[in-house]
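Asks: the following comprises the amino acid sequence and a computationally predicted model.
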Amino acid sequence: MRTVSGWVVGRSPVLVVFFGVILGLLLPAPLLAFVLPAPVPLILGPCLGVAGLAWLVSWMYPTVRFDETDLYLGRRTVPLTSLTRVERTFTGGHGPTYLIYRLVSSAGPRARVLLGGGPLKPIGPDGLAALRDLIATAPVVAPADGLSEDQRTLLARLKVGAAVAVSAAQALREIDEARGVQPPQVIEPPWHSEEEIRLFLEEHDAAERAIAARPQGAARMRRAAVGGLVVAGLAVLGGAIVGVVLEQSDALTDEANMLVALAVVGGIVLGLLAGLVLCLAHDLDVRRGHQIARRAARDRQGGGQGLPVRYLDALALHGDWTARVLLATLGSLGLVGVIVGIVIHIELGGTAGAVTAIVSGVLGAAAIPGWRQLTRRRNERLLEVVVLAGPQASLLVHGSPVDLAVGGAP
């Protein structure tokens, strides 16, 4: 019996306890305070938080073991020959950064394996060696998507947080690189003459000019939004300061109190509107870049070394900030409404609290299909980027094609 991934909580116990205590103090403890006397909620809440977080992490990253005939994914046992698919996920951005492999059995069960990143501790050298032997032994099928291995790697890097199927050869090469037993793959530039380099750089410069020449209406909207945010901040800060000064000097009349409240509330509303305009400006700017890149792709018809990198960069940007902010706001308001409804029901009884919680939950849940639709459109566009990159995908995975061209070719 060989172990690929043991109990993940045992690899990071301090981290799970720390965040579990914080989670327990934020959510279970306040709710328990309505039904249990002090200090029971302050003790029971963190315990529930730690237990809940430990269960969640263990569910996300179950133990993975195998022998000569069977594969053990958590509590499920499947034949080793049923492991036919491996998916690679990279999570990054503003949160924790992880490299994750998901082992998918044709019998149904699947399990994530944490290869790298933090703050959760990934599998060690023994786990990497066991994972390599597992993938080398199992009949992992290469994805039938028409993409090269470098294109799939590029797609996995672009689709942060999404799973991309990889071939066994690609997985083994990446595991060997992580183990340090194989040097990173070096890609030779595809240019063989000064003329090819010159043409490539001319196309890149033309793409830069085309993107830079797009209409600048979004820039004016962005400047106006930033100005609105500054005014909103000054209004809120000034109103708060005036209110404190007047209150301490016993000069806060009803009329002055109303003016201070209008300044603060007006500043908050203006700030929200300015933030929305800022998102709209970003989306407008990005979508104009998408239009220019797609027009260039139609004119070029995918020839040569693929679409110039500047067009690929423009097409890879996300122009759905506004929709995502609105959906996130709807979901957050729904969650707050559920909590408020529960508190009202506990405190006052009756049906008002229950109705508030149910209606808020429905409104919050309505954001889920919208979010999934936006994610699906993002993934489709990123696949378009990888396809248009063509042979450049190898260069984009291992470096910058422009830097390679500027540096010269043999």
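Replies: That came through fine.
Asks: what's the burial count for the closest residue to residue 76 other than its chain neighbours?
Replies: In space, and not counting its chain neighbours, residue 76 is closest to residue 109: 4.0 Å by CB to CB, 6 or more residues apart in numbering. Every C-beta, even on glycine, is put in place using the N, C-alpha and C of the backbone. Residues within reach of residue 109, counting by other CB atoms under 10 Å, total 19.
Asks: remind me what the host helix or strand of residue 285 packs against, helices and strands.
Replies: Using DSSP states H and E, residue 285 maps to helix 254-300. With contacts defined as 3 or more CB pairs under 8 Å, 6 or more residues apart in numbering; DSSP states H and E, helix 254-300 has these neighbours: helix 194-212, helix 217-248, helix 309-316, helix 321-348.
Asks: let's see it at 10 Å
Replies: helix 194-212, helix 217-248, helix 309-316, helix 321-348, helix 367-389 (3 or more CB pairs under 10 Å, 6 or more residues apart in numbering; DSSP states H and E).
Asks: taking helix 254-300 as reference, get the angle to the longest one.
Replies: Between the direction of helix 217-248 and that of helix 254-300, the angle (axes from the mean of the first three to the mean of the last three CA atoms, to 10 degrees) works out to 160 degrees.
Asks: and residue 17, how close does it get to residue 24?
Replies: Counting by CB to CB, to the nearest Å, the separation of residue 17 from residue 24 is 10 Å.
Asks: what sits in contact with each of these two?
Replies: 46, 49, 50, 53 (CB atoms under 10 Å, 6 or more residues apart in numbering).
Asks: turn those residues into CSV, including pLDDT, neighbour count and distance to residue 335.
Replies: CSV is the format used below for the shared contacts of residue 17 and residue 24 (pLDDT from 0 to 100; neighbours: other CB atoms under 10 Å; distance: CB to CB, whole Å):
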residue, pLDDT, neighbour count, distance to residue 335
46, 91, 19, 21
49, 92, 23, 17
50, 93, 21, 22
53, 93, 21, 18
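Asks: turn the residues you listed into a markdown table, including distance to residue 172.
Replies: Formatted as a markdown table, the shared contacts of residue 17 and residue 24 follow (distance: CB to CB, whole Å):
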| residue | distance to residue 172 |
| --- | --- |
| 46 | 43 |
| 49 | 39 |
| 50 | 37 |
| 53 | 33 |
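Asks: between the residues you listed, which is nearest residue 105?
Replies: residue 53 (26.9 Å; CB to CB).
Asks: that closest one touches residue 24, doesn't it?
Replies: Yes: counting by CB atoms under 10 Å, residue 24 is a contact partner of residue 53 at 8.5 Å.
Asks: how's this protein carved up into domains?
Replies: The chain breaks down by automatic domain parsing into domains covering 2-179, 198-319.
Asks: closest to residue 350 out of those?
Replies: Nearest of those (CB to CB): domain 2-179, 15.6 Å.
Asks: more neighbours, residue 17 and residue 24?
Replies: Using other CB under 10 Å, the more surrounded residue of residue 17 and residue 24 is residue 24, with 24 against 16.
Asks: which non-adjacent residue is nearest that one?
Replies: Going by CB to CB, 6+ apart, residue 24 has residue 49 as its nearest residue, at 2.4 Å.
Asks: so can I have JSON lines of the domains of the chain showing distance to residue 350?
Replies: Formatted as JSON lines, the domains of the chain follow (distance: least, CB to CB, whole Å):
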{"stretch": "domain 2-179", "distance to residue 350": "16"}
{"stretch": "domain 198-319", "distance to residue 350": "31"}
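Asks: any stretches of the stretch 1-150 of the chain with poor pLDDT?
Replies: For the stretch 1-150 of the chain, applying pLDDT under 70 flags the ranges 92-96.
Asks: all helices of it, in order?
Replies: Using DSSP state H, counting those that start in this stretch, the helices of the stretch 1-150 of the chain run over 8-11, 13-26, 28-32, 40-60, 125-137, 149-158.
Asks: just say which of those helices is most tucked in.
Replies: Ranked by mean neighbour count, the helices of the stretch 1-150 of the chain are led by helix 149-158 with a mean of 22 (mean count of other CB atoms under 10 Å).
Asks: who does the helix or strand just after that helix pair up with?
Replies: Of the helices and strands lying after helix 149-158 in sequence (DSSP H and E), the nearest is strand 163-166. Looking at strand 163-166 with DSSP bridges, its partner strands are strand 83-91 (antiparallel).
Asks: in the partner strand, which residues are buried?
Replies: Within strand 83-91, the residues that count as buried by 16 or more other CB atoms under 10 Å are 83, 85, 86, 87, 88, 89, 90.
Asks: can I get those residues in CSV with distance to residue 348?
Replies: Converted to CSV, the buried residues of strand 83-91 look like this (distance: CB to CB, whole Å):
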residue, distance to residue 348
83, 55
85, 53
86, 54
87, 49
88, 51
89, 46
90, 48
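Asks: closest to residue 336 out of those?
Replies: Nearest to residue 336, judged by CB to CB, of the buried residues of strand 83-91 is residue 89 at 30.5 Å.
Asks: so who does the spatially closest residue to that closest one that is not a sequence neighbour touch?
Replies: Using CB to CB, 6+ apart and skipping residues adjacent in sequence, the residue nearest residue 89 is residue 100, 4.4 Å away. Taking CB under 10 Å, 6+ apart, we find residue 100 in contact with 60-61, 87-91, 112-117, 122, 161, 163.
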